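In: When you get a sec, could you give me coordinates for this:
(2 chains)
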2 protein chains.
Amino acid sequence: MSFYDQLKFDGSGLIPAIVQEEKTGRVLMMAWMNRASLEKTLQTGKTHFWSRSRQKFWMKGETSGHTQTVKDIAFDCDGDTLLIQVAQLGAACHEGYQSCFFRSVQEDGGSFKITEPQLQSPDQIYGKK
Amino acid sequence: MSFYDQLKFDGSGLIPAIVQEEKTGRVLMMAWMNRASLEKTLQTGKTHFWSRSRQKFWMKGETSGHTQTVKDIAFDCDGDTLLIQVAQLGAACHEGYQSCFFRSVQEDGGSFKITEPQLQSPDQIYGKK
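Out: Alright, predicted model coming up:
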């Protein structure tokens, strides 16, 4: 049975993809894929997504150079979420952090704190606009 | 500034929550929260979600006993995804696997394989229906 037959894309033809750094187990980001970006990811071994805000196909790292080389693609029991193991080049987050999940809720339950160092500024990654 | 002010719930009032086992780094599942289930999660220290298929508030483990004790709640740069670290009791997946992501794509890109042992059968968890 084909892998694609197991997947359920949502009403917009999208499926969420969790990206995890294989080496460290750090969850780096979550982004959305349509079937074309998943096929491109499988063909090239580099992660490709669909941007809902820009309505655009994109390869992670196409501007920043911070590409992700795919090591494994898993899918969940309901077939509606992907978990992709990668080797990450540079910072995964466009704000210059290793992971997009660089802020955590404080114990008071209301405020939050930054939990990891910023590796680069967005200006360093993308150049001054 | 409040943590809630950083979050963007979608048009249905939901935000996806990735659940990761703190001890092992294994990504266990992804489920959806509305503001009420997030508040309940913060108040009780046990994960609560919103089921889109059943249109129902639920606590993870309410039937199976396989609850999740919250260790950390992080959110991403866009404020539209949560990453929750937990201590997991028993199997996270309703199919009896540690993780819902128990299947991976094979290198041929078409078929898939099961990548971890089934710890319990659904019958053992939920009783025969």
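In: Give the residue farthest from the middle of chain A.
Out: Using C-alpha atoms, centre = their mean, the residue of chain A lying farthest from its centre is A:D108. It sits 29.3 Å away.
In: ok, that one to chain B distance?
Out: Distance, A:D108 to chain B, by C-beta to the nearest C-beta, to the nearest Å: 9 Å. (Each C-beta comes from the backbone N, C-alpha and C, glycine too.)
In: ok, now A:Y4?
Out: When distance is defined by C-beta to the nearest C-beta, A:Y4 is 8 Å away from chain B.
In: Quick check on that residue: phi, psi?
Out: The phi/psi pair for A:Y4 (degrees, to the nearest 10) reads phi -60, psi -30.
In: Just say helix, strand or coil for the residue farthest from the centre of chain A.
Out: Assigned by DSSP: H, G, I helix; E, B strand; the rest coil, the conformation of A:D108 is coil.
In: residue in chain A nearest to chain B?
Out: Nearest to chain B in chain A, going by C-beta to the nearest C-beta, is A:G25, at a distance of 2.9 Å.
In: And the pLDDT at that residue?
Out: We note a pLDDT of 98 for A:G25 in this prediction.
In: Would you mind listing the residues in contact with the residue lying closest to it once chain neighbours are set aside?
Out: Spatially, and ignoring its direct neighbours in sequence, A:G25 is nearest to B:G25 (2.9 Å; C-beta to C-beta, 6 or more residues apart in numbering or on different chains). Contact analysis of B:G25 by C-beta atoms under 8 Å, 6 or more residues apart in numbering or on different chains lists A:24-26.
In: Surely the residue of chain A closest to chain B is within a strand?
Out: No. Assigned with three-state DSSP, A:G25 falls outside any strand and is coil.
In: where's it relative to A:A17, distance?
Out: To A:A17, A:G25 is 17 Å away according to C-beta to C-beta, to the nearest Å.
In: cool, A:T24 as well?
Out: For A:T24, the distance to A:A17 (C-beta to C-beta) stands at 18 Å.
In: Give me the more crowded residue out of those two.
Out: The residue with more neighbours, out of A:T24 and A:A17, is A:A17; 23 against 12, by other C-beta atoms under 10 Å in any protein chain shown.
In: so what's the residue nearest to the more buried one when sequence neighbours are not counted up against?
Out: In space, and not counting its chain neighbours, A:A17 is closest to A:L82: 4.2 Å by C-beta to C-beta, 6+ apart. Neighbour list for A:L82: A:7, A:15-18, A:33, A:38, A:73-76 [criterion: C-beta under 8 Å, 6+ apart].
In: For A:L82, list each beta-bridge partner.
Out: A:A17, A:F75 (DSSP bridges).
In: how near is it to B:E107?
Out: 17 Å.
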